[in-house]
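> whatever this is, show me its structure:
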Amino acid sequence: MNRENKKRSFEKGYYTNHPCEESFTCQVCGRLVAPDGAGTGHRNHCPYCLSSKHLDIEPGDRAAGCGGIMDPIAVWVRKGGEWALIHRCRVCGTLSSNRVAADDNPVKLLSLAMKPVSSPPFPIERIEELTELLDGDKEK
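Numbers count the residues shown, from 1 in each chain. Take a look at the predicted model:
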């Protein structure tokens, strides 16, 4: 049964200490997402498109009233080398970090990781000029 269709209620913070064993349909790509394969009992995003739903304020509390789509906007590397996704809510703009799951789409992950390289915040055709300006303070 899909998470969106369930009317079961749990005590506040239930998912903080209990695995989420429910499947859900991704609201972005429409695929059925099962908790199996994530490498954890806390599946929190779609492994196909990496999108999520704004459910929590603190992990597992289900206290976010927003319910907006959380778009994956970046990846970062945690201490110890573990990758994590950065999501931003389309409705309220909240940012959150979620561990990368074992079955996440590797092409999507690498695409997010390469985004700054493929779309730099400066004109790439001026890279030589910008480099010379930075090196201009050094003695030759």
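
> quick one: strands adjacent to the host helix or strand of residue 76?
Taking DSSP states H and E as the definition, residue 76 sits inside strand 69-77. As defined by DSSP bridges, the strand partners of strand 69-77 come to strand 52-53 (antiparallel), strand 83-89 (antiparallel).

> for the host helix or strand of residue 107, which positions count as buried?
Following DSSP H and E, one finds residue 107 within helix 106-118. Of all the residues in helix 106-118, those buried under the rule 16 or more other CB atoms under 10 Å are 108-109, 112. For every residue, glycine as well, the C-beta is placed using N, CA and C.

> among those, which one lies nearest to residue 83?
For these, the minimum distance to residue 83 (CB to CB) is 7.0 Å, reached by residue 109.

> can you map out the helices along the protein?
14-17, 106-118, 127-135 (DSSP state H).

> could you dump those to CSV with distance to residue 70?
Shown next, in CSV, are the helices of the chain (distance: least, CB to CB, whole Å):
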stretch, distance to residue 70
helix 14-17, 16
helix 106-118, 13
helix 127-135, 34
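
> of all those, which lies closest to residue 66?
For residue 66, the closest of the helices of the chain is helix 14-17, at 16.8 Å, according to CB to CB.

> most centrally placed residue in the protein?
Residue closest to the average C-alpha location in the chain (CA atoms, centre = their mean): residue 85, at 3.4 Å.

> show me the contacts for the spatially closest residue to residue 68 that is not a sequence neighbour.
Residue nearest to residue 68 in three dimensions, not counting chain neighbours: residue 91, with 3.1 Å by CB to CB, 6 or more residues apart in numbering. Contacts for residue 91 were tallied using CB atoms under 8 Å, 6 or more residues apart in numbering; they are 54, 66-69.

> change it to 10 Å
By CB atoms under 10 Å, 6 or more residues apart in numbering, the contact list for residue 91 reads 54, 64, 66-70.

> let's see if you can find the most crowded of those.
Per-residue neighbour counts (other CB atoms under 10 Å) across the contacts of residue 91 peak at residue 70, which has 27 neighbours.

> I figured residue 83 hits residue 77, correct?
Yes. The criterion here is CB atoms under 10 Å, and residue 83 meets it with residue 77 at 5.9 Å.
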